[in-house]
Structure formats: structure tokens, C-alpha cells
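**Student:** sequence? don't have it. structure:
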């Protein structure tokens, strides 16, 4: 079931009312969450449920075994390793099997051997990477004694399948989310209202900005070889906003709807396009994912507490894997390595931990230096998204070369082509989003309206704002479309 | 909790109320494109047998000359096509009340219906319901209701636009002469063909470069087979005719799964869809809308196809 579907419009209030008025005891609420989440996920394809149930069961059992072998570190290590291997194997088969076979086929093809017969028509279950990583975090945390194993299978299944964040994150840590299933939830008015606002902002970003940008981006990208450099810059810039609004929009809806049920999910985006460096960008973009990789791969490899060469090796390993996490395609690996390279450069220069504070805090606008840094960082991100969005490495290379050839200065021709491509509409809604987020950059999300601001004080103005946003969502919503990150 | 539910309900109520007020308080657009549907129903009622009824979207009124067809085939012609956006389900269900023994039912629907289930689109279905005074309201399915509800705010905004226009035009109706805008009731002739656009310059849309690769809606095919059976049980002859389409748009609109799906319900197209493709020079604006020369060519083609069947 999609958040931006008519079905969800009924699904969410029904589950909400059942949760607070019928299933009021914690265990019953957990059971309701599991049932609702399985309905939500099974809406795509009921066969996906088998997979998520297996993943949940293996990880739950591994937790019990780890507890059983308390004091026997070797056995615990084996259990933990077996669970990791099992989860990775499931992920590997469903997400990467054909990718590796096709690449092997290409390799052997050069020698005259063909392996076509081993490719299979495997469907990719939506969100498999997200819930697999969540399951892995549990068994690793139990192994590392950050968390006791749970004995309640229902709360564990609820933790893995919790529908707001099931298919595209935030990738929750067992240490944060599981304890919330273990205690009685209380309805909190302020939290629920804030959750509704965050959902509204998420829907606006997804349905008004991302889906409309997608139309222009898809059209230009499908015929990019005929376009001028300027058109290609416009296209990839629109894609940069599309993917942000699509993904952060999903996260906002997820976090907001979880708050309606009394849960606090971790923050996933912190206005990343206002970053002054690439390391800062990655501290603000898909935070649950980058911190997962930091804690479970980068730190165990030695992190930054080793000599420079090893640090750079670690950065490359992490970013190659994280690229591959995004999808079974070399473009994602290259995109990961591109960012790995940028991060390595910042690391060598020793400025990777700079800019922890909010840009231009307390000021209306950034100063010249900050503006320049933001533009440079944004441009580097845009270039990275060319690789990410392209279907092959060859396409990415050609697209990038065309972006920088002399046609970049063909303004008249470019504007003529861009006529009728909804550029004005897209620019207006993007500008609206950027202004809102800039003003609210010290908040958790752009519609966090508490405080002494004009909107915070006037309920009439707030009502008008909500009304206008809902009207825009319904009027400008394009055809119901999936979120980009579902495929990951 | 009560406060939260009260506030959310209040917002939803206010949102709905404002929309309803803006729907009901502003006079209906008497020259709106969808108002032509009422005229087409009159044609269904009054056109004597023997007759051929063309059902589909705008490819029909923008693509045939009913008078030429009538004179050449020597039977009555009903142009019962309006707009692909209302979906094929609505007119097909509606026509069941008027079908007569011996009618030749030419179903010439736009290809998108096969992928989207023929339930129409929000921006078209609600204006149709308003224009027809909520005709057949009890026969709508869940998806059609969904489209109608989603269309409410869109129509509200259109209504507000009409109110703003009133200050200059002193009328709530869409003007007949309006910046080359062909989508008005006054653009149709007495036979239900859209002829108003002949006086406008061609505005040919660039071809879409996508390839149609969506999967066929299997529920829709089951439903279509059932409808065809109902027509046949009432003594009508059903003919599946591909819609007219322009060369460069064809690849973006058609895929071979449609032919296979129609074959599987034993009602294949009577001609290859490729045979209904016309040169781009015949375009008025979209891939389905023809200029005067296109209408002439398409009508001649349809005469040749239908003559042996009558």
C-alpha cells in the first residue's frame, strides 16, 4: 500500500481508532500493529509476507540463542554470524542474484561460455534492504550486549514490520525502537498534532514537488542525447530536488504517522541541501542509513582511528557497499565510490568533521562564504546524481560530457525546448519548499510550528496554511506513483 | 485524544464544506465540454435503426464525420464518444439502457483504458457528473467514486476561475471563442462531431518518446467481455475497432498486449491497429485528435472497414 494512495486514506484512521479505542493494552496494540503492517505490506504482493516473516523469525531466534549461549562467546559469535549470513543470503538472492549472474555471464561470455540458463525471473520485494538491515541491527546489538534479547515474538515482529517505516525507513535501531514496543504508549496531543503536520509536509513534497518534477525529468532523460548542456543541467537539478522530496517526503510521512501511534522514529533528513561540505551533506542525508553503515561497518573496520591509508580504504569499502545497497547496478557502485572519493578528499584535508552547527544560525541569510560553500556542495551532489539516475555507466559518462560541452551556452535553444515542460510550476513549488525549509532549518521539520512565530500564534493562519497545502496536494498531485527508494 | 479527533474532524469538515459550497453555489457551466454528453444521449434515444453507435473517447468526435458515414453506409450513426478521461466504463454502462436489436456497436476506445481499467480520471469524471446532473450515480464502481472525490478540489479551483472570469465576461459559461480552445459544447455539431477546432491552427504536440509497457488490467478485460456479452444478448453486434492514432504517437500509446488480451476474450480488433495510424500531418493537437484532412481520411478508412460488416 502506498502512503499516497486512496486506500491509505482509510487505512490509517481505521488503524488509529482501533489502536487507541479498541486495542488499548500494549500486547494487543503490538498485535494490531503486526496485523496492520502485514496488510499494508501484503497489499503489494502477499508472497512478500513469507520473506519478511522468515527474516523476522530468524533474527528473533538468533536473539534467543545468543541469550542461551551467554558466557560462551565463540558460540554466540557463530549464531550472530549465521544470522547475518542468512539475512544477507536472502537479500542477495532476491536483490543481487541476477546482477551477479549477468556479470559472470558477461565475463565468461568473453571466453565463449554462456550462463544464460542460470538467470531467473526473481521479483524484488519492496523495501527488502530496509527491513533486512533493521533485523541485522537487532542481532548485532544483542551480540554486542547493547540490548537484551526479547522473548516476546509479537513485539519483535512489530519492530521489524512497523508499517510507517517498513518499506523505506528510517532504518531503525533495535536499541531505539524495540524498547518502545515494550512499554505502554500514551497518547500525546502535541506529539500527534506535530506528526500530522510532518505528514502534511511529506505529502506536499512527494505529491506536489517530486511527482511533478518526475514528469519533466523522465521526459528529458529519455532523450538526453539530443539535448543541450543547459537542458541537462536543468534536468539533473530537478532530479536532485525530486529525489530529495520523494525520499524525505516518505520519511516525513513515516515519522509523522508513527507519532500518531506514540512512537518516536529517528530523524532521517536534516535539510541536506543547506550543507557546506560533502561530509556535512552525509550527516544530514538519509541519516539512519549513514549512521548504520558508520556503526556496523566503518567503525568495526577501524573507522578514522587508524593511519590515513587505512582510513581511506575504510571509506572506499563503506561507500562501495552502500552504493551497492541502493541497487544491483554498477551505476550505484560508481555513485558510492564518487562520494567515497569526495569524502576521502575532505578526510585528507582534515575538514570532514567541520560544520556541525546550523548554517547561518540566527541570521536571515548565509554570508558570502557560506553561500559559496552551499552552492559548491549542491553542485557536487547534482553531479553525483547523474551517475545515480543513469541506467548504465556509459549513459552517465555521456550525460556528464554533454553537460559540459559548448551547448551549455545555448540559452535560446534550451529555453525553446523547455517551454511546456512545467518548468515555471516546478520552480515555484521548489522555491516555496526551499524558503520554508530555510526558515525552519533549526527545527525537526519544516512545519514544526510551535513557538512564537506568526503561524505558531495564529490558529486561523495555520488553518489557512493547512487548507492551501491540502488543496495543492489534491490539485497538483500527479498520478499515484511509487516512492523511488522502494526499489532499494 | 478527544481534542485531537475534534480538531482533525473539524478540519476535514471545513475542507469538505468549503469545497461543497464552491461546487454548489456557482452556476453550472452550460457551455462546458462535458455538457455535450447530454446531447449524445439524446442522439442515442432518437436515432432510428438500423444504426451504428461509436463508443469511445475523444478520438471519435475529433476523428469522424458522422454525416459522411451515414450517407455512405446508409444507416444511422451515433457519435457516442466524448473524452478518454471519463473512462470507457461510464458510456458503455449507460448505453446498455438504449441498445436495440440490430445495433452495430463500434467500440473504439483509447488504449489507456486497457491499462487503467476504464475508470476515468479525476479531472474529467466529476465535471461529467455535474454536467449530467449525476447521471447513473448508482452504477459507479469504487474506482470511479474515488476519481470523483479526488476531482472535487480540482473542480473547485476551476469554479473559482469561472467566478474570476465573470468579472470580465459577465457569464459563468466558457466562452465559445476562447483563444483557440476547442473544448466547448458549442464546438460540436448536431451529429455530435467536434468541428469547432477546424477553424483553429494545428497545435501538434511533440511525440512522446516513451514506449507503452504497462500491463493490461485483467479485471477490466473480464468486465469488458461481460459487457460485450450483455450487448450481444440484446441483439447487438459488437465490433472492436482500434482508435485512430498518429504515427509518432502510436509507439507511446499501443503495445501488443492489447491485441493479445482482446484475443483472449474472443473479440480481437477487426483490423490491425497499425492500419488506423495516420500521418502526423493529420494532427490537430494530440495523438488522437485530427484536423479536417485527418477526419476525411479516417472517415473513408472506417467506411471501407465497416461496409463488409453491415
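**Tutor:** Ah, there it is. Computed from a prediction, not measured in an experiment: that's the story for all the values here. Numbers count the residues shown, from 1 in each chain, chains lettered A, B, ... in the order given.
**Student:** Would you tell me what helix or strand the nearest residue to residue B:72 once chain neighbours are set aside is located in?
**Tutor:** Using C-beta to C-beta, 6 or more residues apart in numbering or on different chains and skipping residues adjacent in sequence, the residue nearest residue B:72 is residue B:303, 4.7 Å away. Using the backbone N, CA and C atoms, a C-beta is placed for each residue, glycine as well. Using DSSP states H and E, residue B:303 falls within helix B:292-306.
**Student:** So in chain B, which helix runs the longest?
**Tutor:** helix B:142-169 (DSSP state H).
**Student:** cool, and chain A?
**Tutor:** Ranking each helix of chain A by length (DSSP H) puts helix A:229-260 first.
**Student:** Now that helix: buried residues?
**Tutor:** A:229-260 (16 or more other C-beta atoms under 10 Å in any protein chain shown).
**Student:** Show the average pLDDT along the strand or helix carrying residue A:428.
**Tutor:** Using DSSP H and E, residue A:428 maps to helix A:423-439. On average, the pLDDT along helix A:423-439 is 93.
**Student:** Which residues belonging to the longest helix of chain B are considered buried?
**Tutor:** Those would be B:143-144, B:146-156, B:158-159, B:162, B:165, for helix B:142-169 by 16+ other C-beta under 10 Å.
**Student:** From those, list the ones also adjacent to chain A.
**Tutor:** Contacts with chain A within the buried residues of helix B:142-169, counted by C-beta under 8 Å from any C-beta of the partner chain: B:146, B:150, B:152, B:153, B:154, B:156.
**Student:** quick one: residue A:289 is in a strand?
**Tutor:** No. With DSSP: H, G, I helix; E, B strand; the rest coil as the criterion, residue A:289 is helix rather than part of a strand.
**Student:** Spit out the contact partners of the nearest residue to it once chain neighbours are set aside.
**Tutor:** Excluding the flanking residues, the one nearest residue A:289 by C-beta to C-beta, 6+ apart is residue A:171, at 5.8 Å. By C-beta atoms under 8 Å, 6 or more residues apart in numbering or on different chains, the residues touching residue A:171 are A:130, A:133, A:134, A:137, A:165, A:288, A:289, A:292.
**Student:** quick one: which of those residues sit in helices?
**Tutor:** Short answer: the contacts of residue A:171 in helices (DSSP H) are A:130, A:133, A:134, A:137, A:288, A:289, A:292.
**Student:** tell me which element the residue nearest to the second one when sequence neighbours are not counted falls in.
**Tutor:** Distance criterion C-beta to C-beta, 6+ apart; nearest residue to residue A:133, sequence neighbours excluded, is residue A:171 at 5.0 Å. When secondary structure is defined by DSSP H and E, residue A:171 falls outside every helix and strand.
**Student:** Chain B versus residue A:171, what's the distance?
**Tutor:** Distance of residue A:171 to chain B, given as C-beta to the nearest C-beta, to the nearest Å: 29 Å.
**Student:** How about the residues of chain B by chain A?
**Tutor:** B:1, B:3-4, B:7-8, B:11, B:14-15, B:18, B:146, B:150, B:152-154, B:156-157, B:208-210.
**Student:** element containing residue A:15?
**Tutor:** Residue A:15 is located in helix A:6-17, with elements delineated by DSSP H and E.
**Student:** what does that helix contact?
**Tutor:** Residues contacting helix A:6-17 (C-beta under 8 Å, 6+ apart): A:1, A:2, A:32, A:36, A:39, A:40, A:43, A:257, A:260, A:261, B:146, B:150.
**Student:** Just flag the most distant two among the residues you listed.
**Tutor:** Across the contacts of helix A:6-17, no pair lies farther apart than A:32 and B:150, at 28.5 Å, counting by C-beta to C-beta.
**Student:** Tell me, how many residues neighbour the nearest residue to residue B:217 once chain neighbours are set aside?
**Tutor:** Using C-beta to C-beta, 6+ apart and skipping residues adjacent in sequence, the residue nearest residue B:217 is residue B:117, 4.4 Å away. Residue B:117 has 21 neighbours, counted by other C-beta atoms under 10 Å in any protein chain shown.
**Student:** quick one: residue B:117 and residue B:218 touch, right?
**Tutor:** No. At 9.7 Å, residue B:117 does not count as touching residue B:218 under the criterion of C-beta atoms under 8 Å.
**Student:** And the pLDDT at residue 139?
**Tutor:** No chain in the question, so chain A it is. pLDDT, read off for residue A:139, is 91.
**Student:** actually chain B
**Tutor:** The predicted local confidence for residue B:139 is 91.
**Student:** can you pull the contacts of it?
**Tutor:** Residue B:139 neighbours (C-beta under 8 Å, 6+ apart): residue B:93.
**Student:** by contact count, what packs against the worst-scoring helix or strand of chain A on mean pLDDT?
**Tutor:** The helix or strand of chain A with the poorest confidence is helix A:97-109; it has a mean of 75 (mean pLDDT, DSSP states H and E). On a contact count with 3 or more C-beta pairs under 8 Å, 6 or more residues apart in numbering or on different chains; DSSP states H and E, helix A:97-109 meets no helix or strand.
**Student:** Residue B:162 against residue B:29, yeah?
**Tutor:** Yes. Here residue B:162 reaches residue B:29: they are 6.4 Å apart, a contact under C-beta under 8 Å.
**Student:** Give me the common contacts of these two.
**Tutor:** Contacts common to residue B:162 and residue B:29, judged by C-beta under 8 Å, 6+ apart, are B:172, B:174.
**Student:** what does the model give residue A:160 for pLDDT?
**Tutor:** Looking at residue A:160, its pLDDT reads 94.
**Student:** Ok, residue A:136 next?
**Tutor:** 92.
**Student:** Kindly tell me how buried it is, as a neighbour count.
**Tutor:** 23.
**Student:** Repeat that for residue A:208.
**Tutor:** By other C-beta under 10 Å, the residues close to residue A:208 number 26.
**Student:** Spell out which parts of the stretch 151-300 of chain A neighbour chain B.
**Tutor:** Residues of the stretch 151-300 of chain A that fall close to chain B, judged by C-beta under 8 Å from any C-beta: A:187, A:189, A:192, A:193, A:196, A:218, A:219, A:222, A:223.
**Student:** Between the residues you listed, identify the one with the most neighbours.
**Tutor:** Going by other C-beta under 10 Å, residue A:192 tops these with 23 neighbours.
**Student:** quick one: that one and residue B:3 touch, right?
**Tutor:** No. Applying C-beta under 8 Å as the test, residue A:192 and residue B:3 come out as separate, 9.7 Å apart.
**Student:** Quick one: the strands in the stretch 201-310 of chain B, in order.
**Tutor:** B:237-240, B:245-246, B:277-278 (DSSP state E, counting those that start in this stretch).
**Student:** packing partners for the last one?
**Tutor:** Read it as strand B:277-278. Checking 3+ C-beta pairs under 8 Å, 6+ apart, strand B:277-278 ends up next to strand B:245-246, helix B:247-253, helix B:292-306.
**Student:** ok, of these, where does mean pLDDT dip lowest?
**Tutor:** helix B:247-253 (a mean of 84).
**Student:** Show me what the helix holding residue A:428 is in contact with.
**Tutor:** Residues from elsewhere that reach helix A:423-439 (C-beta under 8 Å, 6+ apart): A:204-205, A:208-209, A:212-213, A:216, A:234, A:238, A:241, A:245, A:271, A:273-274, A:446-447, A:472, A:476.
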